[in-house]
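# only the shape, not the letters, is given here:
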(Lines give C-alpha, C1' and ligand atoms only; values in the text may rest on other atoms or scores of the structure.)
Protein backbone atom coordinates (compact mmCIF):
# COMPACT_ATOMS: atom_id res chain seq x y z
CA UNK A 1 0.00 0.00 0.00
CA UNK A 2 1.25 3.43 -0.89
CA UNK A 3 1.82 5.75 2.02
CA UNK A 4 -0.66 8.22 0.53
CA UNK A 5 -3.32 5.51 0.48
CA UNK A 6 -2.69 4.37 4.06
CA UNK A 7 -5.64 4.83 6.39
CA UNK A 8 -5.64 5.02 10.18
CA UNK A 9 -8.79 3.62 11.73
CA UNK A 10 -10.25 4.37 15.16
CA UNK A 11 -10.67 1.10 17.04
CA UNK A 12 -13.82 2.41 18.70
CA UNK A 13 -15.96 3.94 15.94
CA UNK A 14 -14.14 2.59 12.84
CA UNK A 15 -13.77 6.04 11.36
CA UNK A 16 -10.72 6.29 9.11
CA UNK A 17 -8.17 9.10 8.93
CA UNK A 18 -5.43 9.97 6.49
CA UNK A 19 -2.97 10.91 9.24
CA UNK A 20 -2.09 9.03 12.41
CA UNK A 21 -1.82 12.31 14.33
CA UNK A 22 -5.36 13.24 13.32
CA UNK A 23 -6.63 9.87 14.50
CA UNK A 24 -4.79 10.30 17.81
CA UNK A 25 -6.51 13.65 18.38
CA UNK A 26 -9.87 12.24 17.36
CA UNK A 27 -12.35 11.77 20.23
CA UNK A 28 -15.50 9.77 19.60
CA UNK A 29 -18.03 8.84 22.29
CA UNK A 30 -16.76 5.30 22.77
CA UNK A 31 -13.13 6.38 22.92
CA UNK A 32 -14.09 8.90 25.58
CA UNK A 33 -15.79 6.11 27.51
CA UNK A 34 -12.64 4.02 27.30
CA UNK A 35 -10.47 6.87 28.59
CA UNK A 36 -12.81 7.35 31.56
CA UNK A 37 -12.36 3.77 32.78
CA UNK A 38 -10.51 4.87 35.94
CA UNK A 39 -13.08 7.49 37.00
CA UNK A 40 -14.80 6.48 40.22
CA UNK A 41 -18.34 6.93 38.89
CA UNK A 42 -17.48 4.83 35.84
CA UNK A 43 -15.94 2.08 38.00
CA UNK A 44 -19.18 1.88 39.99
CA UNK A 45 -21.14 1.93 36.73
CA UNK A 46 -19.07 -0.89 35.22
CA UNK A 47 -19.53 -3.02 38.36
CA UNK A 48 -23.29 -2.41 38.23
CA UNK A 49 -23.42 -3.24 34.51
CA UNK A 50 -21.58 -6.53 34.95
CA UNK A 51 -23.68 -7.45 37.99
CA UNK A 52 -26.88 -6.61 36.13
CA UNK A 53 -25.88 -8.74 33.15
CA UNK A 54 -24.97 -11.65 35.43
CA UNK A 55 -28.00 -11.57 37.75
CA UNK A 56 -30.78 -10.05 35.66
CA UNK A 57 -29.81 -11.13 32.14
CA UNK A 58 -28.20 -14.41 33.30
CA UNK A 59 -25.05 -14.01 31.21
CA UNK A 60 -22.39 -16.57 32.12
CA UNK A 61 -19.20 -14.71 31.20
CA UNK A 62 -17.97 -11.61 32.98
CA UNK A 63 -18.52 -8.54 30.85
CA UNK A 64 -15.38 -6.77 29.68
CA UNK A 65 -14.98 -3.04 30.03
CA UNK A 66 -14.95 -2.77 26.23
CA UNK A 67 -18.36 -4.45 26.13
CA UNK A 68 -19.55 -1.86 28.64
CA UNK A 69 -18.27 0.91 26.36
CA UNK A 70 -20.27 -0.55 23.48
CA UNK A 71 -23.44 -1.01 25.51
CA UNK A 72 -26.56 1.12 25.00
CA UNK A 73 -26.90 1.03 28.81
CA UNK A 74 -23.66 2.97 29.37
CA UNK A 75 -25.41 6.27 30.05
CA UNK A 76 -27.92 4.86 32.54
CA UNK A 77 -25.26 3.06 34.56
CA UNK A 78 -22.90 6.05 34.60
CA UNK A 79 -25.76 8.26 35.80
CA UNK A 80 -26.22 5.74 38.62
CA UNK A 81 -22.53 5.89 39.52
CA UNK A 82 -22.57 9.68 39.50
CA UNK A 83 -25.71 9.74 41.65
CA UNK A 84 -24.06 7.47 44.20
CA UNK A 85 -20.96 9.67 44.45
CA UNK A 86 -22.67 13.07 44.27
CA UNK A 87 -25.00 12.17 47.13
CA UNK A 88 -22.27 10.59 49.23
CA UNK A 89 -24.53 7.60 49.73
CA UNK A 90 -24.15 5.93 53.10
CA UNK A 91 -24.52 2.31 51.99
CA UNK A 92 -22.18 0.12 49.96
CA UNK A 93 -23.04 0.32 46.29
CA UNK A 94 -22.61 -3.46 45.91
CA UNK A 95 -25.50 -4.07 48.32
CA UNK A 96 -27.64 -1.40 46.67
CA UNK A 97 -27.07 -2.85 43.20
CA UNK A 98 -28.20 -6.29 44.38
CA UNK A 99 -31.33 -4.75 45.92
CA UNK A 100 -32.15 -2.93 42.68
CA UNK A 101 -31.77 -6.15 40.71
CA UNK A 102 -33.76 -8.18 43.24
CA UNK A 103 -36.74 -5.84 42.97
CA UNK A 104 -36.41 -5.48 39.18
CA UNK A 105 -36.06 -1.71 39.28
CA UNK A 106 -35.65 -0.40 35.70
CA UNK A 107 -32.05 0.64 35.07
CA UNK A 108 -33.17 4.12 34.00
CA UNK A 109 -34.55 4.60 37.52
CA UNK A 110 -31.41 3.55 39.40
CA UNK A 111 -30.38 7.18 39.86
CA UNK A 112 -33.76 8.29 41.22
CA UNK A 113 -33.81 9.78 44.71
CA UNK A 114 -37.08 8.16 45.74
CA UNK A 115 -35.79 4.68 44.87
CA UNK A 116 -32.62 5.17 46.89
CA UNK A 117 -34.50 6.53 49.91
CA UNK A 118 -36.83 3.54 49.81
CA UNK A 119 -33.82 1.25 49.95
CA UNK A 120 -32.26 3.28 52.75
CA UNK A 121 -35.32 2.87 54.92
CA UNK A 122 -34.73 -0.88 54.77
CA UNK A 123 -30.95 -0.65 55.04
CA UNK A 124 -30.81 1.40 58.24
CA UNK A 125 -33.06 -1.11 59.99
CA UNK A 126 -30.60 -3.96 59.52
CA UNK A 127 -27.25 -2.21 59.94
CA UNK A 128 -25.59 -2.50 63.36
CA UNK A 129 -25.84 0.32 65.91
CA UNK A 130 -22.04 0.66 65.72
CA UNK A 131 -22.24 1.33 61.98
CA UNK A 132 -25.01 3.87 62.40
CA UNK A 133 -23.34 5.76 65.24
CA UNK A 134 -19.92 5.74 63.56
CA UNK A 135 -21.43 7.21 60.39
CA UNK A 136 -23.06 10.03 62.37
CA UNK A 137 -19.92 10.79 64.38
CA UNK A 138 -17.96 11.08 61.12
CA UNK A 139 -20.65 13.43 59.82
CA UNK A 140 -20.27 15.58 62.92
CA UNK A 141 -16.48 15.66 62.58
CA UNK A 142 -16.75 16.69 58.92
CA UNK A 143 -19.20 19.44 59.90
CA UNK A 144 -16.73 20.65 62.56
CA UNK A 145 -13.90 20.89 60.02
CA UNK A 146 -16.10 22.72 57.49
CA UNK A 147 -17.55 25.20 60.00
CA UNK A 148 -14.61 25.59 62.40
CA UNK A 149 -16.77 24.63 65.38
CA UNK A 150 -16.34 22.02 68.09
CA UNK A 151 -17.99 18.82 66.83
CA UNK A 152 -19.75 18.46 70.19
CA UNK A 153 -21.65 21.69 69.41
CA UNK A 154 -23.14 20.05 66.34
CA UNK A 155 -26.70 19.73 67.62
CA UNK A 156 -26.83 23.21 69.14
CA UNK A 157 -25.53 25.04 66.07
CA UNK A 158 -27.04 22.95 63.29
CA UNK A 159 -30.04 24.51 61.55
CA UNK A 160 -33.25 22.51 61.57
CA UNK A 161 -33.59 22.48 57.74
CA UNK A 162 -30.05 21.09 57.44
CA UNK A 163 -30.77 18.52 60.14
CA UNK A 164 -33.86 17.38 58.25
CA UNK A 165 -31.81 16.86 55.09
CA UNK A 166 -29.30 14.80 57.03
CA UNK A 167 -32.10 12.71 58.51
CA UNK A 168 -33.77 12.31 55.12
CA UNK A 169 -30.57 10.86 53.64
CA UNK A 170 -29.94 8.83 56.83
CA UNK A 171 -26.60 10.48 57.48
CA UNK A 172 -27.89 11.48 60.90
CA UNK A 173 -28.95 8.23 62.56
CA UNK A 174 -31.93 7.79 64.91
CA UNK A 175 -29.50 6.12 67.32
CA UNK A 176 -27.84 9.49 67.88
CA UNK A 177 -30.74 11.83 67.19
CA UNK A 178 -33.16 10.21 69.66
CA UNK A 179 -30.75 8.95 72.32
CA UNK A 180 -28.31 11.84 72.82
CA UNK A 181 -29.12 14.94 74.89
CA UNK A 182 -27.95 17.10 71.99
CA UNK A 183 -30.29 15.33 69.61
CA UNK A 184 -33.19 15.85 71.98
CA UNK A 185 -32.38 19.57 72.21
CA UNK A 186 -32.37 19.75 68.43
CA UNK A 187 -35.77 18.06 68.26
CA UNK A 188 -37.19 20.64 70.65
CA UNK A 189 -36.46 23.30 68.01
CA UNK A 190 -38.63 21.58 65.39
CA UNK A 191 -41.85 23.33 64.44
CA UNK A 192 -45.03 21.21 64.04
CA UNK A 193 -44.51 21.24 60.25
CA UNK A 194 -40.89 20.15 60.66
CA UNK A 195 -41.97 17.37 63.01
CA UNK A 196 -44.30 16.11 60.30
CA UNK A 197 -41.43 16.12 57.83
CA UNK A 198 -39.31 14.18 60.30
CA UNK A 199 -42.06 11.55 60.60
CA UNK A 200 -42.12 11.19 56.82
CA UNK A 201 -38.36 10.55 56.75
CA UNK A 202 -38.09 8.27 59.79
CA UNK A 203 -40.34 5.44 60.94
CA UNK A 204 -40.50 6.77 64.50
CA UNK A 205 -42.78 4.01 65.96
CA UNK A 206 -40.35 1.40 64.60
CA UNK A 207 -37.36 3.05 66.26
CA UNK A 208 -39.08 3.54 69.61
CA UNK A 209 -39.98 -0.15 69.63
CA UNK A 210 -36.44 -1.09 68.58
CA UNK A 211 -34.96 0.93 71.44
CA UNK A 212 -37.19 -0.94 73.90
CA UNK A 213 -36.01 -4.29 72.56
CA UNK A 214 -32.30 -3.48 72.29
CA UNK A 215 -31.91 -2.07 75.79
CA UNK A 216 -28.26 -3.11 76.19
CA UNK A 217 -27.22 -1.17 73.11
CA UNK A 218 -29.35 1.79 74.15
CA UNK A 219 -27.73 1.91 77.60
CA UNK A 220 -24.25 1.61 76.12
CA UNK A 221 -24.66 4.43 73.64
CA UNK A 222 -26.48 6.73 76.02
CA UNK A 223 -23.54 6.45 78.41
CA UNK A 224 -21.12 7.02 75.52
CA UNK A 225 -22.99 10.13 74.41
CA UNK A 226 -23.06 11.43 77.98
CA UNK A 227 -19.31 10.84 78.30
CA UNK A 228 -18.60 13.01 75.27
CA UNK A 229 -21.27 15.59 76.21
CA UNK A 230 -23.28 15.07 73.04
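Happy to help now that I have it. All of these numbers come straight from a predicted model, not from anything done at the bench.

# what's the longest helix in the chain?
When secondary structure is assigned using DSSP state H, the longest helix within the chain turns out to be helix 129-147.

# run the chain-centre distance for it.
On the basis of Cα atoms, centre = their mean, to the nearest Å, helix 129-147 sits 16 Å off its chain's mean C-alpha point.

# which other residues reach that helix?
90, 124, 149-151, 154, 157-158, 166, 171-176, 214, 217, 221, 224 (Cβ atoms under 8 Å, 6 or more residues apart in numbering). Placement of C-beta: from N, CA and C, glycine included.

# I'd like to know which of those are buried.
Using 16 or more other Cβ atoms under 10 Å as the burial test, the contacts of helix 129-147 include 90, 124, 151, 154, 158, 166, 171-176, 217, 221 as buried.

# spatially central residue in this protein, please.
residue 89 (2.4 Å; Cα atoms, centre = their mean).

# and the gap between the spatially closest residue to it that is not a sequence neighbour and residue 101?
Leaving aside its sequence neighbours, residue 89 sits nearest to residue 116 (Cβ to Cβ, 6 or more residues apart in numbering; 6.8 Å). Distance of residue 116 to residue 101, computed by Cβ to Cβ, to the nearest Å: 15 Å.

# neighbour count: those two, which is higher?
For residue 116 versus residue 101, neighbours defined as other Cβ atoms under 10 Å are more numerous around residue 116 (24 against 18).

# pLDDT on the helix or strand where that one lies, on average?
Using DSSP states H and E, residue 116 sits in helix 113-126. Average pLDDT, helix 113-126: 93.

# farthest pair in the buried ones among the contacts of helix 129-147?
Considering Cβ to Cβ, no two members of the buried ones among the contacts of helix 129-147 lie farther apart than 158 and 217, which are separated by 24.4 Å.

# rewinding a little: among the buried ones among the contacts of helix 129-147, which are in helices?
Per DSSP H, the subset of the buried ones among the contacts of helix 129-147 in helices is 124, 154, 166, 174-176, 217, 221.

# what number of residues lie near residue 134?
For residue 134, the count of nearby residues is 12 (other Cβ under 10 Å).

# same question for residue 129.
Residues near residue 129, counting by other Cβ under 10 Å, number 19.

# measure it to residue 152 for me?
As judged by Cβ to Cβ, residue 129 and residue 152 stand 20 Å apart.

# residue 139 now?
Using Cβ to Cβ, one gets 13 Å for the distance from residue 139 to residue 152.

# what does residue 76 give?
Taken as Cβ to Cβ, the span from residue 76 to residue 152 is 43 Å.

# quick one, which of those two is more surrounded?
The neighbour count for residue 76 versus residue 152, taken as other Cβ under 10 Å, is higher for residue 76 (19 against 13).

# what sits against that one?
Residues in contact with residue 76 (Cβ under 8 Å, 6+ apart) are 107-108, 110-111.

# hang on, it in a helix?
Yes. Assignment of residue 76 by DSSP: H, G, I helix; E, B strand; the rest coil places it within a helix.
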